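S.K.: Give me the fold of what follows.
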Amino acid sequence: MPDHTFPLIEVEGSSYEMGYQHGAQAAGLVQRYLRWIDRLTGMSRDTLCRNAMGFWPLMERLSPAFSEEVRGLADGAGISLEEAVLCQARAEAAQRTVGACTAFALTRSATADGNTLAGQNQDLEPEYADVALLLKVRPGDGRPRALMFTFAGQLGYSGLNEHGVAHFANALYGCTWQMGLPHYPIKRLVLEQRTVEDCVELLSGHRTCSAANLVLCDGQGHIDTVEIRPEGIARYPDAHPDACLHTNHYLTPAFAGHETGFLPDSCPRLDRIRELVQARWGTITVDTIKEILADHENDPGGICRHGAVGMHSISGYIAEPEKRLFHVRRGHGCLGTWQAYEV
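M.R.: Numbers count the residues shown, from 1 in each chain. Below is the predicted model:
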């Protein structure tokens, strides 16, 4: 049988050592990711690298450890530092927002056992699946272990850490690009936190160059939704305190005025996942979530996305933070293969 899971890269040690190991193990995939960025953006590698390096001083100030890991990545993969930085700022270097995604966090009265379930469908152009991997990090300096779904050479994306902190993302639109931190380095630092409140404090202390939403959870049953824009963040209290559901339009009063309706399927998707969650309230398990993430209402722009605006559900995730389990699916919700990993 063919292997329908993503490659797993495991690294440990100092920041530089982890970056070097990542680069050495995934060198071919890193090169493919860089070629995909070229093709996706239609821009030259030189221009993309020059643009990306404009964010490098901000990354260095954000986290010297992250910056050392980038340097190790460059050496391990046999690429330039500029190309390694581009892997951390692909969207920002091209000023191109990408993604749809349906994200959720459910806890206490919503789930069958009262434990938290959080995750998303990852909706992107299908080529991203060809350069994706799982990255398990074991820092040697006391920072927590973590497991991420990401792309070869990109050091921060959605995942779960040993404290049960997990985060999942939705693209948001209607934002003018500004100089600020790229989202991927911040996402990596989120996975170095112990609680949701720690994550919110981190997000509130740094200005980003574009907009996005994060759905957060931790190992103590806390969940939250945070919309992020260059001017700041806004937390969204959902209709029930035991649920956080989000797609690709602004929900917070602070930012609702920026909504442009860029993705017309966003509102129907949110309505649909709310409907499905409500119908199974109090009985929701991992298998229930797998069914929800395979739903085709409003096809091709449903929760399980099949090509609307050129994007597909290339993967999906379900975190069980109390158990430190991370379920990852390769492929569409309706056809893909799930695999569970311990953090």
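S.K.: Would you check how far apart the residue lying closest to Gly13 once chain neighbours are set aside and Arg71 are?
M.R.: For Gly13, the nearest residue in space outside its immediate sequence neighbours is Gly140; the separation is 4.8 Å by CB to CB, 6 or more residues apart in numbering. The C-beta positions use only the backbone N, C-alpha and C, and glycine is treated the same way. Gly140 sits 16 Å away from Arg71, taking CB to CB, to the nearest Å as the criterion.
S.K.: For the two, work out which one has more neighbours and name it.
M.R.: Residue environment comparison for Gly140 versus Arg71 gives the larger neighbour count to Arg71, 17 against 11, counting by other CB atoms under 10 Å.
S.K.: list the contacts for that one?
M.R.: Going by CB atoms under 8 Å, 6 or more residues apart in numbering, Arg71 touches Tyr16, Gly19, Leu81, Ala84.
S.K.: Mark which of those residues are part of helices, please.
M.R.: When DSSP state H is applied, the contacts of Arg71 are split such that Tyr16, Gly19, Leu81, Ala84 fall in helices.
S.K.: from memory the second one sits against Glu68, does it?
M.R.: Yes - with contact defined as CB atoms under 8 Å, Gly19 reaches Glu68; the gap is 7.0 Å.
S.K.: Neighbour count: the two, which is higher?
M.R.: Set Gly19 next to Glu68 and count neighbours by other CB under 10 Å: Gly19 wins out with 29 against 17.
S.K.: element containing the residue nearest to that one when sequence neighbours are not counted, please.
M.R.: Setting aside the residues directly before and after it, Gly19 is nearest to Gly72 in space (CB to CB, 6+ apart), at 2.7 Å. Secondary structure from DSSP states H and E places Gly72 in helix 64-77.
S.K.: just Gly28 next, same as before
M.R.: Taking DSSP H and E as the criterion, the element that holds Gly28 is helix 27-41.
S.K.: counting contacts, what elements does that helix pack onto?
M.R.: Contacting helix 27-41 under the criterion 3 or more CB pairs under 8 Å, 6 or more residues apart in numbering; DSSP states H and E are the following elements: helix 45-53, helix 64-77, helix 81-88, helix 90-94.
S.K.: Recalculate using a threshold of 10 Å.
M.R.: Of the remaining helices and strands, those touching helix 27-41 by 3 or more CB pairs under 10 Å, 6 or more residues apart in numbering; DSSP states H and E are helix 15-25, helix 45-53, helix 64-77, helix 81-88, helix 90-94, strand 132-139, strand 146-151.
S.K.: Could you dump those into JSON lines and include distance to Leu245 and mean pLDDT?
M.R.: Output for the helices and strands packed on helix 27-41, formatted as JSON lines (distance: least, CB to CB, whole Å; pLDDT from 0 to 100):
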{"stretch": "helix 15-25", "distance to Leu245": "33", "mean pLDDT": "98"}
{"stretch": "helix 45-53", "distance to Leu245": "33", "mean pLDDT": "98"}
{"stretch": "helix 64-77", "distance to Leu245": "30", "mean pLDDT": "98"}
{"stretch": "helix 81-88", "distance to Leu245": "29", "mean pLDDT": "98"}
{"stretch": "helix 90-94", "distance to Leu245": "24", "mean pLDDT": "94"}
{"stretch": "strand 132-139", "distance to Leu245": "24", "mean pLDDT": "98"}
{"stretch": "strand 146-151", "distance to Leu245": "20", "mean pLDDT": "98"}
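S.K.: Tell me which of these approaches Leu8 most closely.
M.R.: Ranking the helices and strands packed on helix 27-41 by their distance to Leu8 (criterion: CB to CB) puts strand 132-139 first, at 4.7 Å.
S.K.: before we move on, back to that, let's see the pLDDT reported for the residue nearest to Gly13.
M.R.: The model reports Gly140 with a pLDDT of 98.
S.K.: roughly how far apart are it and Asp75?
M.R.: Here the criterion is CB to CB. By it, Gly140 lies 18 Å from Asp75.
S.K.: name the element Ser313 belongs to?
M.R.: Following DSSP H and E, the helix or strand that holds Ser313 is strand 312-320.
S.K.: which helices and strands does that strand pack with?
M.R.: Contact partners of strand 312-320 among helices and strands, from 3+ CB pairs under 10 Å, 6+ apart: strand 102-106, strand 117-124, strand 146-151, strand 159-161, strand 166-171, helix 286-292, strand 325-330, strand 337-342.
S.K.: ok, and for the third one, which residues are buried?
M.R.: By neighbour count on 16 or more other CB atoms under 10 Å, the buried set for strand 146-151 is Ala146, Leu147, Met148, Phe149, Thr150, Phe151.
S.K.: just checking, the second one touches Val165?
M.R.: Put plainly, it is Leu147. No - the pair formed by Leu147 and Val165 falls short of the contact definition of CB atoms under 10 Å, at 11.6 Å.
S.K.: Burial check on His163, number of neighbours?
M.R.: His163 sits with 21 neighbouring residues when counted by other CB under 10 Å.
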